[in-house]
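Q: pasting the structure only:
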């Protein structure tokens, strides 16, 4: 799927857009799955809005914004499990991370037309810090994305700065790091944007008449362990390619409390 120069680009810039990872039939199956998940969540009264709160927009504007998001979508529909372990994904991950790659978690993000919420610029690292910083997002596009419908923006090379202090552990100062400071990454349905969890990224409001549906898979090296217990889930550690060299550390260290 990718060449040596693509790996060099990722290492230097902290991101890489890979075209055509998924075909039209696979994308359509996942679009249908997204719609069904939202419908089931609404019926279960678990439909949530994940629009970011904070001081980057006036309160009156924040109330208008909508962002549908659900974690661990591979628990909700098999099409996402197939996507997470897809041979094309494994082919890229094995070159960008190494031979032994694990899934950490997945997440669905849907920006509806006209008022789909922005993501202020941030790093993902504060949510699930790891010792070696191999953690990587693979943002799978289920719709064509451009500036008008809120495509992702990244700051090339920002992963080299290491972990940064965030406001409330959520986002960077919007005045110092406006979304416009990033490079827009337009993509087509079926494309995947890979970026390190230290790479500063965000996205503008969806001001178009088109939905923007993305599914994010977070991957890591099998030898990269959490530096604290932030955002650990039951599915963390699923092997995508290679093997787990640490036989005694194949599952998260959970404590189950009976209430």
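A: In hand now; what should we look at? No experiment lies behind these values; they were computed from the predicted model shown. Numbering: from 1, shown residues only.
Q: does residue 189 really touch residue 30, like I thought?
A: No - under the criterion of Cβ atoms under 8 Å, residue 189 is not in contact with residue 30, lying 9.6 Å apart. For every residue, glycine as well, the C-beta is placed using N, CA and C.
Q: what is in contact with the two at once?
A: residue 142 (Cβ atoms under 8 Å, 6 or more residues apart in numbering).
Q: Which one of the two is surrounded by more residues?
A: Comparing residue 189 with residue 30 by neighbour count (other Cβ atoms under 10 Å), the higher total belongs to residue 30, at 24 against 20.
Q: Show the model's pLDDT score for that one.
A: Looking at residue 30, its pLDDT is 96.
Q: Kindly report the same for residue 105.
A: So, for residue 105, pLDDT stands at 94.
Q: Beta-bridge partners for it, please?
A: Residues in a beta bridge with residue 105, per DSSP bridges, are residue 218.
Q: number of nearby residues for it?
A: Neighbours around residue 105, by other Cβ under 10 Å: 23.
Q: Cross-check the contact I'm expecting between it and residue 226.
A: No - in this structure residue 105 lies outside contact range of residue 226 using Cβ under 8 Å: 11.9 Å.
Q: Common neighbours of those two, please.
A: residue 128.
Q: Sketch out the strands for the chain, chain order is fine.
A: For the chain, applying DSSP state E gives strands covering 15-18, 68-71, 101-111, 119-122, 136-141, 153-154, 183-184, 192-196, 201-203, 212-221, 238-241.
Q: between the ones you listed, which has the poorest average model confidence?
A: strand 68-71 (a mean of 72).
Q: Where does the prediction get shaky in the stretch 51-200 of the chain?
A: 51-69, 114-117, 169 (pLDDT under 70).
Q: With adjacent residues omitted, what lies nearest to the residue nearest the centre of the chain?
A: Note on the chain: the residue nearest the mean C-alpha position is residue 216, at 3.4 Å, using Cα atoms, centre = their mean. Take residue 216 and drop its neighbours on the chain: the residue closest to it by Cβ to Cβ, 6 or more residues apart in numbering is residue 107, 4.7 Å away.
Q: check contacts around that neighbour.
A: Counting by Cβ under 8 Å, 6+ apart, residue 107 touches 69-73, 215-216, 218.
Q: Is it possible to mark the buried ones in the residues you listed?
A: 69-71, 73, 215-216, 218 (16 or more other Cβ atoms under 10 Å).
Q: how about JSON lines for those, with distance to residue 95 added?
A: Converted to JSON lines, those look like this (distance: Cβ to Cβ, whole Å):
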{"residue": "69", "distance to residue 95": "29"}
{"residue": "70", "distance to residue 95": "29"}
{"residue": "71", "distance to residue 95": "27"}
{"residue": "73", "distance to residue 95": "25"}
{"residue": "215", "distance to residue 95": "21"}
{"residue": "216", "distance to residue 95": "20"}
{"residue": "218", "distance to residue 95": "18"}
